[in-house]
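# Provided below are the primary sequence and the corresponding predicted coordinates.
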Amino acid sequence: MMSPLQLNTSYKYHALVAFGISLWLVIFLVVIAPFDAADLSFRIRLQILPFYGVISFLCYMLLVPLQNWIFKKKGKWTIVLEILFVVLYNLIALFGCFAYYQSDVINGDYPFEKFTFEVYYPIFFILLSILIFARWFLNRKVRGLPTGQLIIKGDNKLDVLKICPTDLVCVSSADNYVEVCFLKENRAQRKLLRTTLKNVQAQVPDLVRVHRSHLINPIHFKEWKGTNTIALTQMEVPVSKNYKEAILDVVLRP
């Protein structure tokens, strides 16, 4: 099974990443002046080349809503999805930059193939390391469940459940037991443990209480179903009015 990655879904932090990448690109193009840019005066470079940074910023931010939607839909983020994000960003930025290169402002004379392999990709591969590091650093800051294997223990020695943290959907009280709902091979599974919700929350403090009988993993939040119920991955749970503010703060945070 592919290990999940943490993902920061904050638009503010992704805007900082996009701005940092764009700023580096502008400085590189204007100051270093690679390729034919060296033939232009510094004043002209400063007038026309920063728009490549604007294109880079817009292309990155355009993908953030799609990234967050996929993350909420699947309930996890993987290395494959991370690679797809980078590839898609690369393609959108390529076409955006080439369109500007062919515009009346730049009036470039390279055909698409020559621009792609002799101008765009040499710069992009330098930019790629910055992009990967920035996203890695950003995602380390996400508040969420620990990575690795999650172990939930009941009162009895044999009451032990080992799962991937992102597979945990919710935990519900059931008399003297708790019912742990989790995903296994993308299908909902349930296991009873003889313990209390209080003990489970102590073991997994990032679970969010939405009802006196229910704790949820916020990454599995899908949507509100009316005013007192929320849909999670493959299940629904009630929400008490006493906990609405808490869930709004956590699962609907940008």
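In hand now; what should we look at? Keep in mind it's a predicted model, so treat the numbers as computed, not measured.
# what about the protein, any weak spots by pLDDT?
Applying pLDDT under 70 to the chain flags the ranges 1-4, 75, 141-148, 250-254.
# the strands in it, which residues?
Along the chain, the segments classed as strands by DSSP state E run 150-153, 160-163, 168-174, 177-184, 187-193, 208-211, 214-216, 223-224, 229-232, 235-238.
# strands paired with the first one, and their directions?
It refers to strand 150-153. strand 160-163 (antiparallel) (DSSP bridges).
# what's the answer for the fourth one, then?
Using DSSP bridges, the strands paired with strand 177-184 are strand 168-174 (antiparallel), strand 187-193 (antiparallel).
# can you list the strands of the chain in CSV and add distance to Val54?
C-beta: built from backbone N, CA, C; applies to glycine. What follows is the strands of the chain, written out as CSV (distance: least, C-beta to C-beta, whole Å):
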stretch, distance to Val54
strand 150-153, 43
strand 160-163, 44
strand 168-174, 41
strand 177-184, 41
strand 187-193, 45
strand 208-211, 38
strand 214-216, 40
strand 223-224, 34
strand 229-232, 38
strand 235-238, 43
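# Ile216 versus Ile247, what's the distance?
Distance, Ile247 to Ile216, using C-beta to C-beta, to the nearest Å: 8 Å.
# quickly list the domain ranges of this protein.
11-140, 150-251 (automatic domain parsing).
# redo those domains as a markdown table? Include mean neighbour count and distance to Leu5.
Below are these laid out as a markdown table (neighbours: other C-beta atoms under 10 Å; distance: least, C-beta to C-beta, whole Å):
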| stretch | mean neighbour count | distance to Leu5 |
| --- | --- | --- |
| domain 11-140 | 16 | 5 |
| domain 150-251 | 17 | 9 |
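# can you pull out the helices in the stretch 1-150 of the chain?
11-27, 42-48, 50-74, 79-101, 112-115, 121-140 (DSSP state H, counting those that start in this stretch).
# select, out of those helices, the one closest to Glu179.
Distance to Glu179, taken as C-beta to C-beta, is lowest for helix 50-74 among those, at 23.3 Å.
# and that closest one, what does it pack against?
When contacts are defined as 3 or more C-beta pairs under 8 Å, 6 or more residues apart in numbering; DSSP states H and E, helix 50-74 sits against helix 11-27, helix 79-101.
# and the contacts of the shortest one?
For helix 11-27, the external contacting residues (C-beta atoms under 8 Å, 6 or more residues apart in numbering) are 8, 49-50, 52-54, 56-57, 60-61, 64, 123, 127, 130-131, 134-135, 138, 141, 254.
# likewise for stretch 53-65?
11, 14-15, 17-19, 21-23, 25-26, 29, 85, 88-89, 92-93, 96-97, 100.
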